[in-house]
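# the following block contains a protein sequence and its predicted model.
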Amino acid sequence: MRLDGLDAAAIEQAATLIAAGELVAFPTETVYGLGARADSDEAVAKIFALKGRPTGHPLIVHVADRASAERFAAVMPPVATRLVDAFWPGPLTVIVARRADVADAAAAGQGTIGLRCPAHPVAHALLVKAGEAGVPGIAAPSANRFGRVSATTAAHVADEFGDALPVLDGGAARIGIESAIVDCSTGRPVLLRPGILTTKRIEDAAGEPLAAADEASPRAPGTLVAHYAPQARLRVMPTAMLQTALHVLGTDPLKLAVYSRSIPSGVATGAVHRRMPARPEQAAHELFSILRELDREGVHLIWVEEPPPGPEWDGVRDRLSRAAAA
Ligand code: TXA
Ligand code: MG
């Protein structure tokens, strides 16, 4: 069921559903979320059931503001506060120690909780309205079936879950890849998932270097190697290798799609080509949409030209390499 995100009555309706413990998908600036009230373990269980998400994989709790975050956090370490001050509302999730008496199911029983204040006006309006109805925060993973490509439009959400699910339509997600996640619960900040914010920007705001995730870091399915997978087999190749592969392939396109910055001279007739934007923000914005579109066109292979080097491409590179690993 599509609800118009520009219509105050529709937002009110969505907030009422959330308050009643129902699921509602809603837009954020990163990707669409599949939301339930974070303080109800029963409501949150519906998310795991609908997504087919294994239990034990915690959800991010979305909040309207800093004060709401403090209803879930046992402590806000200074580094988390600096990050929140710098980037909220926005595409950054902090992981902090959780208050033991709230959001047990959303946190998948862990002693920590992921918190994010999204910058999308429709998400914000929903959080405020739901807050007025007594909801302290909305737990929401990306609105896709477990392991699949995240949804960046209301239509993608309907493709994933059917028309019965209420979806607040707020247009195409501006950023297009999920938030950066920084674990602030261990004494030194750890980047669990890159996003559109560069490591440099996060480190500048944190005032200290970010450690890379290692085996000791908490489990995060968005950080599983195989994730964000289209139906087609996806490979990421350096430019020269892509050219060679296309020449070897010759004129038989094998239901092939090529996603590259230039149109390679060797693209076989009949192969589908999509041009990768030159700017990382633009590439992130369209990435999941392109993968879904190519699946719809029924291609079997997607050959992607490796993005250029440079930290501003980290988020896109990360999602592509996970899609390729599936
Ligand atoms: O941009 C985003 O972050 C989107 C929008 C909807 O806000 N949400 C999103 O949620 O990407 P999801 O569930 O698809 O990915 C959240 C990631 C998962 O990898 C999860 O394991 C990790 O965050 N995570 C959440 N809480 C955590 C915790 N307490 N400790 C470790 N990882 C956590
Ligand atoms: Mg996800």
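Sure thing, it's come through. Ligands and ions are numbered 1, 2, ... in the order given.
# and stretch 130-141, end to end?
This stretch, stretch 130-141, spans 18 Å end to end (C-alpha to C-alpha, to the nearest Å).
# correction: the previous question concerned stretch 48-55.
Where stretch 48-55 begins and where it ends lie 7 Å apart, using C-alpha to C-alpha.
# now stretch 49-65
The first and last residues of stretch 49-65 sit 28 Å apart, counting by C-alpha to C-alpha.
# next, the buried residues of that stretch.
50-51, 53, 57-64 (16 or more other C-beta atoms under 10 Å). Backbone N, C-alpha and C define where each C-beta goes, glycine included.
# so which of those sit within helices?
Judged by DSSP state H, the buried residues of stretch 49-65 include 50-51 as members of helices.
# for the buried residues of stretch 49-65, which one is nearest residue 302?
residue 51 (23.9 Å; C-beta to C-beta).
# how about the residues of the stretch 51-200 of the chain by ligand 1?
Near ligand 1, the residues belonging to the stretch 51-200 of the chain are 57-60, 93, 95, 107, 110, 112-114, 116, 118, 140-142, 178-179, 181, 192 when assessed by C-beta under 6 Å from any ligand atom.
# can you lay out the buried residues of stretch 49-65 as TSV showing pLDDT?
Converted to TSV, the buried residues of stretch 49-65 look like this (pLDDT from 0 to 100):
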residue	pLDDT
50	97
51	96
53	91
57	93
58	97
59	98
60	98
61	98
62	98
63	98
64	98
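# list the contacts for the closest residue to residue 99 other than its chain neighbours?
Distance criterion C-beta to C-beta, 6 or more residues apart in numbering; nearest residue to residue 99, sequence neighbours excluded, is residue 74 at 5.0 Å. By C-beta atoms under 8 Å, 6 or more residues apart in numbering, the contact set of residue 74 is 96-100.
# ChimeraX command for the buried members of these?
A single ChimeraX command suffices to select whichever of the contacts of residue 74 are buried according to 16+ other C-beta under 10 Å:
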select :96,97,98,99
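# of the contacts of residue 74, closest to ligand 1?
Proximity of the contacts of residue 74 to ligand 1 (C-beta to the nearest ligand atom) peaks at residue 98, which lies at 7.3 Å.
# grab the nearest non-local neighbour of the closest one.
residue 113 (3.9 Å).
# now the one you found, what's its secondary structure?
What DSSP: H, G, I helix; E, B strand; the rest coil gives for residue 113 is strand.
# list the contacts of it.
58, 61, 72-73, 95-99, 103, 106-107.
# so which of these are in strands?
Among those, the members falling in strands are 61, 95-97 (criterion: DSSP state E).
# dump these to TSV, plus distance to residue 19.
Listed next are these as TSV, based on distance: C-beta to C-beta, whole Å:
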residue	distance to residue 19
61	16
95	26
96	25
97	27
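# how far out from the middle of the chain is the longest helix along the chain?
For the chain, the helix with the greatest residue count under DSSP H is helix 280-296. Counting by C-alpha atoms, centre = their mean, to the nearest Å, helix 280-296 is centred 13 Å from the centre of its parent chain.
# same deal with stretch 199-209?
Chain-centre distance of stretch 199-209: 21 Å, with C-alpha atoms, centre = their mean.
# quick one: contacts of it?
Counting by C-beta under 8 Å, 6+ apart, residues outside stretch 199-209 touching it are 79, 82-83, 85-87, 92, 180, 182, 188-189, 191, 210, 311, 314.
# and those residues, which are buried?
79, 82-83, 86-87, 92, 180, 182, 189, 191, 210, 314.
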